[in-house]
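Undergrad: I'd like to go over a predicted model; first the sequence, then the structure.
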Amino acid sequence: MRLRGNESALRHFGLRLLSSGETCARNLRGRAAAPPLLSRLGAEASPRSSIPALSALSSVRSSYPDKAPGSGRLGLVRAMASKTTHTEPFKLALCQLQVTADKDANIASACKAVREAASNGAQVVILPEMWNCPYSNDSFPVYAEDLDSEDSPSTQALSTLAKDLSVYIIGGSIPERQKDRLYNTCCVFDPGGEVVAKYRKCHLFDIDIPGKITFKESDTLTCGDSLTVVETEHGKIGLGICYDLRFPELAMIYAKRGVQLIVYPGAFNMVTGPVHWQLLQQARAVDNQLYVATCSPARDDGASYTAWGHSTVVGPFAEVVASLDEKPGIAYADIDFKQCEERRQNMPLTKQRRADLYDLNDCRNKVGFRF
């Protein structure tokens, strides 16, 4: 059965629409579903798979009023947690993996790192950009997976792991195949093993620095067309991927939507990494007074594309909370969203912005932010 936005179909999946356009997930017995959640909206139900069809994430009610249900756009579709969001600190882990040409080995390496992180108390575990394949336009089509099918070994592995360990996994990114298009896609798994969010990289990495590096993701990949907020019991998390970090507007919209942590799986290179990687993270964090977490592959000097590494967590005052060097490893950070509120009280930038001089438009929601 496919969900099409009508109330009877919604009731079949234990959902109800709120007048605000948000959704509240409840199970079929009427009990509140465990938070977070971007709900499993509009799934093509399959009793054989524990993973819902990812294309359904926005098919019931998009927060973009100009998009009809079932339009296929991912969007800022959120579900309200059944419990009040609290601000207790939680432990986050960045798993900086050594990525090889062996996909099975990459999956095994990711699973091992996530297990180690969880055993050390991590409640949210983050993987790198393109963790299941080499970072190259030649590799993306070969390693791509249909994330809406049951034949997605990377997604299945992370789903099983999240459920076994009762942790959130922000699954870095892998190449996603949907029909004749490829995307650079991040999936988020809740502690029940469900896919609760999907984000496709919006800004593709197309650069040409003569004598240094030339790369065009657009030769093989298609850009995403919407943003994603995941609401968890820890708080709201926004998603970006690598080159998205360079665009302050994305972070500003997330901050306006109440996000207190933006996660950017990324793979900056040896040209831009040393000068821009940490700088951009600190800029996004201090401008919006929130946490920024990045997770990179480990460096492989023999690869066709050499990642900078240096996975990092930056706090709302631009302080480096945790970081790694270029080698494989796991970094841990205690995230306390009360720090965001404290910094916003110390320096009330939102109240001090000049709405009479400038504004920021959330085009998908057709809303102008009056700061």
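TA: That came through fine.
Undergrad: Stretch 298-313 - what's its average pLDDT?
TA: For stretch 298-313, the mean per-residue pLDDT is 97.
Undergrad: should've said stretch 203-223
TA: Stretch 203-223 comes out at a mean pLDDT of 98.
Undergrad: could I get that stretch in CSV with only the CA atoms?
TA: Extracted in CSV, the C-alpha atoms of stretch 203-223 (Å, rounded to 0.1, in the frame of the first residue of the first chain):
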residue,chain,number,x,y,z
HIS,A,203,26.0,22.1,-3.6
LEU,A,204,28.1,19.9,-5.9
PHE,A,205,31.9,20.1,-5.7
ASP,A,206,32.9,21.7,-9.0
ILE,A,207,36.3,23.5,-8.7
ASP,A,208,39.2,24.3,-11.0
ILE,A,209,42.4,25.6,-9.3
PRO,A,210,45.0,25.6,-12.1
GLY,A,211,48.1,23.5,-11.2
LYS,A,212,46.4,22.2,-8.0
ILE,A,213,43.1,20.4,-8.4
THR,A,214,40.2,20.1,-10.8
PHE,A,215,37.1,18.1,-9.9
LYS,A,216,33.5,18.2,-11.1
GLU,A,217,31.0,16.1,-9.2
SER,A,218,28.4,17.3,-11.7
ASP,A,219,30.0,15.0,-14.3
THR,A,220,28.3,12.1,-12.5
LEU,A,221,26.2,13.4,-9.7
THR,A,222,22.9,15.3,-9.5
CYS,A,223,22.4,17.9,-6.8
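Undergrad: Would you indicate which residues of it are buried?
TA: By neighbour count on 16 or more other CB atoms under 10 Å, the buried set for stretch 203-223 is H203, L204, F205, F215, E217, T220, L221, T222. C-betas here are computed from N, CA, C, even on glycine.
Undergrad: Just send those back as TSV, with distance to I253 too.
TA: Listed next are the buried residues of stretch 203-223 as TSV, based on distance: CB to CB, whole Å:
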residue	distance to I253
H203	13
L204	19
F205	21
F215	26
E217	22
T220	27
L221	22
T222	21
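Undergrad: So which of those are in strands?
TA: With strands taken from DSSP state E, the overlap with these comprises F215.
Undergrad: Just give me the closest of the buried residues of stretch 203-223 to A267.
TA: F205 (8.8 Å; CB to CB).
Undergrad: The closest one: what's it in contact with?
TA: Listed by CB atoms under 8 Å, 6 or more residues apart in numbering, the contact set of F205 reads F215, K216, E217, C242, Y243.
Undergrad: Could you work out the most separated pair of these?
TA: Farthest pair in the contacts of F205 (CB to CB) is K216 and C242. Separation: 14.0 Å.
Undergrad: Return the backbone torsion pair for T306.
TA: The phi and psi values for T306, taken as degrees, to the nearest 10, are phi -100, psi 120.
Undergrad: you'd agree it is up against A267?
TA: No. Counting by CB atoms under 8 Å, T306 does not reach A267; the two are 9.4 Å apart.
Undergrad: Which one's more surrounded, these two?
TA: A count of neighbours by other CB atoms under 10 Å puts A267 above the other of T306 and A267, at 26 against 19.
Undergrad: Can you classify the more buried one as helix, strand or coil?
TA: coil (DSSP: H, G, I helix; E, B strand; the rest coil).
Undergrad: so it makes contact with S136?
TA: No. Using CB under 8 Å, A267 is not in contact with S136, being 11.0 Å away.
Undergrad: Overlap in contacts, those two.
TA: Residues within reach of A267 and of S136 at once, by CB under 8 Å, 6+ apart, are Y305.
Undergrad: Which residue comes closest to the residue positioned nearest the centre of the chain once chain neighbours are left out?
TA: Residue closest to the average C-alpha location in the chain (CA atoms, centre = their mean): L239, at 3.5 Å. Nearest non-adjacent residue to L239, counting by CB to CB, 6 or more residues apart in numbering: Y199, 4.0 Å away.
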